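Student: have a look at this prediction, sequence included:
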Amino acid sequence: MPAPASNKRGKRISRNIIIGSEAWNLPPIGHPDRPKGVPEDHTKRWTVYVRQPDGDPALTSWLNKVQFKIFNTYENPLRTCENPPFEVTETGWGGFNIDIRLHFQPFSGEKAQYRQHFLQLEKYGSEDLQAHQEKSGCVRSEFMEVVQFNEPTEALYEALTSESQWEYLVPQSAKGGKKAAYMGSTANGPRRGYPNGERTANLPRKGGEHVPFSQEQEDALVDMVLAKIKEVDVQADKEAKKKEETEMKLKALRAEMGHAASQMATHQASGDRSRRR
């Protein structure tokens, strides 16, 4: 069935979002800084969020609202954020999976998309990472996600390529050439999405101090995952060989035990007949 005439046929536009969470230790019971009304067994204050990477197009140009389905023991576990910041803050004592539903702008004609995030409350990762978490007092766990729009409607395509999605970068006092300069850059460097003048939301090739996500980092992560998969495959082969050897030894032992048991039964039967005589 051909695509409707109102769609941009053959076009695909991607947008990056950050889905993550942050957790902090709560003051102990009796401490004057401990928030009132917090259950005694709650040891952490946490926030789960959906954010845009620094310098990316405005999230609200295509995202309408976000729903977070937290653990059902919380009051009103389905939380809806209709305006930025798209986040939920609560207290608790243990981590759990959070279902996230992304609702797009009504004019997009797109169905909602689902994501999931595990609420990480305890320190994790390498020793250096855990040391940083200990020093900062914050356990942060976040990942870059990609939302793809295949053959978007004319209205959505216009929103995803409009200059207005960059206006949040411009101070209200900026005018003329100064405004144009802001539209072409961010506080941390060139504006994301305009390499060689082409509109895109692809990751930058190189990382850096102020670039938390890049193709270079993504490639390194993929290489690390592939290397770990190879290590797991090697270990699995070793374990399979050990299992095969153990089964062969067990089979031989059963055969030997079976022969010995048979001989013992024969001798016992012969002794019984001798006694009866």
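Tutor: Okay, I see it. Numbers count the residues shown, from 1 in each chain.
Student: quick one: the strands in the stretch 151-277 of the chain?
Tutor: All strands of the stretch 151-277 of the chain, identified by DSSP state E, counting those that start in this stretch, fall at 185-186, 189-190.
Student: quick check: next helix or strand after the host helix or strand of residue 134?
Tutor: Taking DSSP states H and E as the criterion, residue 134 maps to helix 127-136. Next helix or strand after helix 127-136 toward the C-terminus (DSSP H and E): strand 138-150.
Student: show the average pLDDT along the helix holding residue 134.
Tutor: Helix 127-136 shows a mean pLDDT of 93.
Student: hmm, who's touching it?
Tutor: Helix 127-136 is contacted by residues 123-125, 139-140 when judged by Cβ atoms under 8 Å, 6 or more residues apart in numbering. All C-beta spots, glycine's among them, are computed from the backbone N, C-alpha and C.
Student: now for this structure, the helix or strand with the poorest mean pLDDT.
Tutor: strand 189-190 (a mean of 49; mean pLDDT, DSSP states H and E).
Student: now do the domain split for the protein, please.
Tutor: Listed by automatic domain parsing, the domain ranges of the chain are 12-210, 214-277.
Student: rewinding a little: by neighbours, which of the contacts of helix 127-136 wins?
Tutor: residue 139 (25 neighbours; other Cβ atoms under 10 Å).
Student: who's that one bridged to?
Tutor: residue 23 (DSSP bridges).
Student: now do it against residue 234, distance only.
Tutor: 32 Å (Cβ to Cβ, to the nearest Å).
Student: next one: phi and psi at residue 57?
Tutor: Dihedral angles phi and psi of residue 57 (degrees, to the nearest 10) take the values phi -60, psi 150.
Student: spatially nearest residue to it (excluding sequence neighbours)?
Tutor: Of all residues not flanking residue 57 in the chain, residue 165 sits nearest, at 4.0 Å (Cβ to Cβ, 6 or more residues apart in numbering).
Student: any regions of this structure where pLDDT drops low?
Tutor: Within the chain, the stretches with pLDDT under 70 are 1-6, 8, 172-214, 259-263, 265-277.
Student: where's the longest helix seen in it relative to the chain centroid, distance-wise?
Tutor: Counting by DSSP state H, the longest helix found in the chain is helix 215-276. Remark: helix 215-276 is offset 38 Å from the chain centroid, using Cα atoms, centre = their mean, to the nearest Å.
Student: got the angle between that helix and strand 138-150?
Tutor: Relative orientation of helix 215-276 versus strand 138-150 (axes from the mean of the first three to the mean of the last three Cα atoms, to 10 degrees): 100 degrees.
Student: which residues in the stretch 1-150 of the chain form strands?
Tutor: Going by DSSP E, counting those that start in this stretch, the stretch 1-150 of the chain shows strands at 12-25, 44-51, 63-69, 78-81, 86-92, 97-104, 113-118, 138-150.
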